[in-house]
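Chemist: quick one, fold the following:
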Amino acid sequence: MDILCLSTSNYYPFPTRKQNVMNRMEGCRVIYVDPPVTLIAPLKDKRAKERLNAYKAGGKTSEEHPHVRIYAAPPVLPFYNKKRAVNRRNQKKLARWLAGIVKENGFSKDLVLWCYSPSSCDVVEPLAKELGIAPEALWERTVYDCVDRHSAYPGMIDPAVVDRQEEDLASRCAVVFATARGLYERLRAFNANCHLIPNGAAYELFSRAAEMKKEGVSPHFGFVGMLQECIDYDILKKVAAAFPEGKLTLIGRSLPGVDLSWMKELPNVEHAGLLPQTELPARIKDFDVCLNVFADNELSRDVSPLKFYEYLATGKPVVSTPVPAQVNDYADCVYIARQEPDDFIEKCRLALSEPADSPLKKKRMEMGKACSWDERVRLMRDILADGGIR
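Modeler: Below you'll find the model as predicted:
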């Protein structure tokens, strides 16, 4: 099977669902396309210049997964999430470029088009034309893997435009995967072949933390993930203040617009920044408690946090807000607090009192293994095969 993957995350350096799924498509050939930058992005973001340079450099093969070939998409016009006409123009240009790299790599015209953005709704028909096949033939081999409520993101978007793009994509493609219950409920109204498959964990990597010896201060609380608007920073502040003798470590990149100035007022808070995934088990081994802390808003209700499944794989005690709802499936081995600081701190105290030989550790690791990326991708491949996409 040849797969053309239009991603919303760069292949390097931070592995998300997109990379984890495509890396496990052994036996297939994958073209992984990093998302485009707009023509005006380099004026305000230095990293956009790097992505433009990557586009000009052409494709490169993943060293770890040689079946994956990585390309950066060509730059696009801005405001495509506000004006459908702009998106159609961008996608028509993208289709010509995609057809070129498909031919360059000797891919079959019977490729699978794997999409992560609602904007891809407008690339299918021009791409089919460029490949010399009927549009319906490509729609019948198009997959939409929905990982977020895209219209809930802040920025230069019109939610109604984004939702309509997503409806057009989901209603015509062959298969829809959704990572969260809310996304699944919305999308199955447009496509009966819709399947709920949450995110997972690289179990073989994160389970190593269970065998490593803890070092450093106690109590040590840890959070791993992007520091974005959907995180409940009030709870994080209260946890650090409630345990002044301990430490709170935040691992992850801060997204624009997020205020982290409160960290300066709390000397026991460490922001370690974005770290390579391979280094995370050695950092998590020092945590006494792993934190899954989401605010209750439209965006966070439909996320499927990778960090949560990675925590399970380590066997460490986990304290979580009740958002997103899927964490409640693990209430028998995770400490779930109400959406308020006092109860969250109380659950942290309970987690700290858990014995080192508690059977909950084994239970969490079993759940983490069941949620491994290997299992998630095996299920995806079975669903595709059942639908005649091989």
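Chemist: per-residue confidence for the spatially closest residue to Ala202 that is not a sequence neighbour?
Modeler: Using C-beta to C-beta, 6 or more residues apart in numbering and skipping residues adjacent in sequence, the residue nearest Ala202 is Trp373, 5.9 Å away. The way it works is simple: take the backbone N, C-alpha and C, and place the C-beta from them, glycine included. You'll see Trp373 listed with a pLDDT of 97.
Chemist: likewise for Gly387?
Modeler: 87.
Chemist: now do Thr314: how many residues are near it, please.
Modeler: 27 (other C-beta atoms under 10 Å).
Chemist: helices or strands up against the helix or strand bottoming out on mean pLDDT in the chain?
Modeler: Counting by mean pLDDT, DSSP states H and E, the chain has its least confident helix or strand at helix 46-57, which shows a mean of 87. Under the contact definition 3 or more C-beta pairs under 8 Å, 6 or more residues apart in numbering; DSSP states H and E, helix 46-57 sits against strand 68-72.
Chemist: so what touches whichever helix or strand comes after the strand it packs on?
Modeler: Following strand 68-72 in sequence order, the next helix or strand is helix 84-104 (DSSP states H and E). Residues from elsewhere that reach helix 84-104 (C-beta atoms under 8 Å, 6 or more residues apart in numbering): 4, 31, 33, 36, 59, 71, 73-74, 76-81, 111, 119-120, 122-123, 126-127, 129-131, 161, 164-165.
Chemist: the inter-axis angle of helix 84-104 versus strand 68-72?
Modeler: 140 degrees (axes from the mean of the first three to the mean of the last three C-alpha atoms, to 10 degrees).
Chemist: domain-wise, how is the protein divided?
Modeler: For the chain, automatic domain parsing gives the domain ranges 2-200+372-386, 203-370.
Chemist: can you name the residues in contact with the least confident helix or strand of the chain?
Modeler: So helix 46-57 is contacted by Asn10, Asp34, Pro36, Val37, Thr38, Ala41, Pro42, Tyr71, Ala72, Ala73, Pro74, Pro75 (C-beta under 8 Å, 6+ apart).
Chemist: which two among the residues you listed are spaced furthest apart?
Modeler: Largest separation among the contacts of helix 46-57 by C-beta to C-beta: Pro42 and Tyr71, giving 18.7 Å.
Chemist: sec struct for the residue lying closest to Ser7 once chain neighbours are set aside, please.
Modeler: What sits nearest to Ser7 in space, not counting adjacent residues and going by C-beta to C-beta, 6+ apart, is Lys18, at 4.5 Å. At Lys18, secondary structure determined by DSSP: H, G, I helix; E, B strand; the rest coil is helix.
Chemist: what about Lys18, distance to Val68?
Modeler: Per C-beta to C-beta, to the nearest Å, Lys18 is found 11 Å from Val68.
Chemist: give the residues shared as contacts by the two.
Modeler: Common neighbours of Lys18 and Val68 (C-beta under 8 Å, 6+ apart) are Tyr32.
Chemist: show me where the stretch 151-300 of the chain has strands.
Modeler: Using DSSP state E, counting those that start in this stretch, the strands found in the stretch 151-300 of the chain span residues 175-178, 194-196, 220-224, 247-251, 269-273, 289-292.
Chemist: using CSV, lay out those together with distance to Phe206 and mean neighbour count.
Modeler: Shown next, in CSV, are those (distance: least, C-beta to C-beta, whole Å; neighbours: other C-beta atoms under 10 Å):
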stretch, distance to Phe206, mean neighbour count
strand 175-178, 23, 24
strand 194-196, 23, 18
strand 220-224, 10, 23
strand 247-251, 13, 22
strand 269-273, 17, 15
strand 289-292, 11, 25
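Chemist: dump the ones you listed to TSV, plus distance to Arg51 and mean pLDDT.
Modeler: Below are the strands of the stretch 151-300 of the chain laid out as TSV (distance: least, C-beta to C-beta, whole Å; pLDDT from 0 to 100):
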stretch	distance to Arg51	mean pLDDT
strand 175-178	26	98
strand 194-196	32	98
strand 220-224	25	98
strand 247-251	24	98
strand 269-273	20	97
strand 289-292	31	98
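Chemist: out of those strands, which is closest to Asp357?
Modeler: The closest of the strands of the stretch 151-300 of the chain to Asp357 is strand 289-292. By C-beta to C-beta, the value is 16.9 Å.
Chemist: pairing partners for the closest one, with directions?
Modeler: strand 220-224 (parallel), strand 318-320 (parallel) (DSSP bridges).
Chemist: quick one: it to chain centroid distance?
Modeler: Here strand 289-292 shows a centroid-to-chain-centroid distance of 18 Å under the convention C-alpha atoms, centre = their mean, to the nearest Å.
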